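sequence unknown, structure follows:
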DNA sequence: GTACAAATTGTACGACGTACAGAAAGGGGG
DNA sequence: CCCCCTTTCTGTACGTCGTACAATTTGTAC
């Protein structure tokens, strides 16, 4: 099909998501407005509606590009399957957490974009290499993805929780640090234990336990 | 301290979150606006700012009450520890998914409200009963909570993804159902496999694998 | 009764998503 | 070469949002 009529100058879905990612890096997720993205792309706000039906569609596209931006390794690489899986998990975590606020998008859309599919293929490929049959691999990949994305989202929610200056009580945050140990004895003790590890270690510990339960049971 | 001056008639944090929960049940999570909550409580929008510094604080409080609304069983109940854990997990899932859209709040705030703490105590209690030492129980509880909340949030995001009428392409949704099987062979097969199970079964399968990896390793 | 502090309202501002209509712009048929 | 038609982008506007500010109401303490 040769060129269609009309002026088709500046925009495309890619230039729009490019501008959105630039905005996300510079100003955080709460700045991801239609007007802001349009301004970053140098067009009027409504111009975006030629390429996306609404804001949710733009956000989904941006989220998918976020998933694929951080060097997910090829499907069949060298090294042991679990090492490849751990490496991809750590890379994804670092890439997402580098842009605080973007993690809020992680659980907000179905995982059906092209980059999300590439991620799914990677996980399934590694699990097949581990010797799982098709059914177990399918179920396991879902649980692995839940663990990876859920951990990242929860960690971001924890550290991104607006300290907000208005919610401090008596100078310290009304959170785990100020718990009544008599009412929540185990939780306080657990917070104490977990605080001794950095989060990436806890993240990989959970992933390893999950993989052990899948392959060993 | 006897009564403070000023008229303190109608409101309190509880009446506000009550109104918000009523609104959430009737009109969904996207209707959770300050103005809407205030109207449901019968006051002017600004009245809420006497009790909460901003909307995010209201949402956090509502989210915490959501966590506790669905009959989380007492910390030390009858029955085997894993049965209690599974029961609480299923109950939480049903309760949250009954209000589509409210699941979007699940990963949006740190888990430090009173009901979130009660949930943490329940999990830790069950894990202690399983014979785990303090350190392992602490780490395991974090992973279990990630799995439970992450699964629910992802399921809600999948099914709540606005079909939106504008994003249908050729009459069918541009999603997993229309995948190019030559580019994503494993993913397509996995979607096929998982579709044969209802989600609660997959949810418990993942929980069981995780628990097996924790207690057996 | 009078002064003061706290709770609630009235009003307003800026930003948001997006609908609608029009203007600019370029290719295809004559 | 010119006209027409499709497509892209802009101008403008509407309703809603979160929330800041000042005024008003209301109760307690002296």
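Perfect, thanks for sending it. The shown structure was predicted, so the numbers you read here are calculated from the model rather than taken from an experiment. Numbering: from 1, shown residues only, chains lettered A, B, ... in the order given.

return the set of buried residues in the lengthiest helix in chain A.
Counting residues, the longest helix in chain A under DSSP state H turns out to be helix A:134-160. When burial is assessed from 16 or more other C-beta atoms under 10 Å in any protein chain shown, helix A:134-160 yields the following buried residues: A:136-157, A:160. No exception for glycine: its C-beta is placed from N, CA and C like everyone else's.

ranking helices and strands of chain A by mean pLDDT, which lands last?
strand A:172-173 (a mean of 38; mean pLDDT, DSSP states H and E).

quick one: the longest helix of chain A to helix B:134-160, angle?
Between the axes of helix A:134-160 and helix B:134-160, defined by axes from the mean of the first three to the mean of the last three C-alpha atoms, to 10 degrees, the angle is 100 degrees.

touching chain B at all, helix A:134-160?
Yes: interface with chain B: helix A:134-160 contributes A:134-135, A:137-143, A:145-147, A:149-151, A:153-154, A:157-158 (C-beta under 8 Å from any C-beta of the partner chain).

other SSEs contacting that helix?
helix A:81-97, helix A:114-129, helix A:199-216, helix B:134-160, helix B:185-195, helix B:199-216 (3 or more C-beta pairs under 8 Å, 6 or more residues apart in numbering or on different chains; DSSP states H and E).

may I see the buried residues of the second one?
Within helix A:114-129, the residues that count as buried by 16+ other C-beta under 10 Å are A:114-128.

just stretch A:82-99 next, same as before
Buried residues in stretch A:82-99 (16+ other C-beta under 10 Å): A:82, A:84, A:85, A:86, A:88, A:89, A:92, A:93, A:95, A:96, A:97, A:99.

got a list of what the first one touches?
Under the criterion of C-beta atoms under 8 Å, 6 or more residues apart in numbering or on different chains, the contact partners of residue A:82 comprise A:126, A:130, A:211.

hmm, 7 Å instead?
Contacts of residue A:82 were listed using C-beta atoms under 7 Å, 6 or more residues apart in numbering or on different chains, and they are residue A:211.

against residue A:156, how distant is the closest residue to residue A:159 other than its chain neighbours?
The shortest distance from residue A:159 to any non-neighbouring residue, by C-beta to C-beta, 6 or more residues apart in numbering or on different chains, is to residue A:100 (7.4 Å). According to C-beta to C-beta, to the nearest Å, residue A:100 and residue A:156 sit 6 Å apart.

ok, the residue most central in space within chain A - contacts?
Nearest to the mean C-alpha position of chain A, counting by C-alpha atoms, centre = their mean, stands residue A:106 at 4.2 Å. With contacts defined as C-beta under 7 Å, 6+ apart, residue A:106 is in contact with A:96, A:149, A:152, A:153.

try it again at 8 Å.
Applying C-beta under 8 Å, 6+ apart to residue A:106 gives the contacts A:63, A:96, A:149, A:152, A:153, A:156, B:107.

now swap in residue A:101 and tell me
Residue A:101 makes contact with A:24, A:28, A:29, A:30, A:156, A:160, according to C-beta under 8 Å, 6+ apart.

tell me how far it lies from DNA strand D.
Distance of residue A:101 to DNA strand D, given as C-beta to the nearest atom of the strand, to the nearest Å: 16 Å.

now the phi/psi pair for that residue, please.
Per-residue torsions, residue A:101: phi 100, psi -30 (degrees, to the nearest 10).

what do you get for residue A:42?
The phi/psi pair for residue A:42 (degrees, to the nearest 10) reads phi 80, psi 30.

where does the residue nearest to residue A:159 land on pLDDT?
Note on residue A:100: pLDDT of 71.

return the member of the buried residues of helix A:114-129 nearest to residue B:34.
Of all the buried residues of helix A:114-129, residue A:116 has the smallest distance to residue B:34: 33.7 Å, by C-beta to C-beta.

I'd say that closest one and residue A:64 touch.
Yes: here residue A:116 lies in contact with residue A:64, judged by C-beta atoms under 8 Å, at a distance of 5.8 Å.

break chain A down into its domains, please.
A:9-52, A:68-216 (automatic domain parsing).

would you single out the least confident of those?
Sorting the domains of chain A by mean pLDDT places domain A:68-216 lowest, at a mean of 82.

can you tell me if it touches DNA strand C.
No: under the criterion of C-beta under 7 Å from any atom of the strand, DNA strand C is not reached by domain A:68-216; the shortest gap measures 13.2 Å.

rebuild the contacts of residue A:106 as a markdown table, extending it with distance to residue A:203.
Shown next, in a markdown table, are the contacts of residue A:106 (distance: C-beta to C-beta, whole Å):
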| residue | distance to residue A:203 |
| --- | --- |
| A:63 | 20 |
| A:96 | 12 |
| A:149 | 11 |
| A:152 | 8 |
| A:153 | 12 |
| A:156 | 12 |
| B:107 | 15 |
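
wait, which of the residues you listed is closest to DNA strand C?
For the contacts of residue A:106, the minimum distance to DNA strand C (C-beta to the nearest atom of the strand) is 14.5 Å, reached by residue A:63.

give me every residue that touches that closest one.
By C-beta under 8 Å, 6+ apart, the residues touching residue A:63 are A:105, A:106, A:108, A:109, A:113.

helix, strand, or coil at the residue of chain A found nearest DNA strand D?
Per C-beta to the nearest atom of the strand, the residue of chain A with the smallest distance to DNA strand D is residue A:6, at 2.7 Å. Using DSSP: H, G, I helix; E, B strand; the rest coil, the structure places residue A:6 in coil.

read off the pLDDT value for it.
71.

returning to what we had before: of the buried residues of helix A:114-129, which is the nearest to residue A:47?
Taking C-beta to C-beta as the measure, residue A:47 lies nearest residue A:114 of the buried residues of helix A:114-129, at 23.8 Å.

who are the contact partners of the closest one?
Counting by C-beta under 8 Å, 6+ apart, residue A:114 makes contact with A:64, A:68.

then residue A:102?
Going by C-beta under 8 Å, 6+ apart, residue A:102 touches A:24, A:29, A:66, A:96.

export those to CSV and tack on distance to chain B and secondary structure?
Formatted as CSV, those follow (distance: C-beta to the nearest C-beta, whole Å; DSSP: H, G, I helix; E, B strand; the rest coil):
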residue, distance to chain B, secondary structure
A:24, 17, helix
A:29, 11, helix
A:66, 15, helix
A:96, 13, helix
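
buried among these? Need that as a selection in ChimeraX.
In ChimeraX, this line selects whichever of the contacts of residue A:102 come out buried by 16+ other C-beta under 10 Å:
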select /A:24,29,66,96
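
of the buried residues of stretch A:82-99, closest to DNA strand C?
Looking across the buried residues of stretch A:82-99 and measuring by C-beta to the nearest atom of the strand, the closest to DNA strand C is residue A:99, at 17.7 Å.
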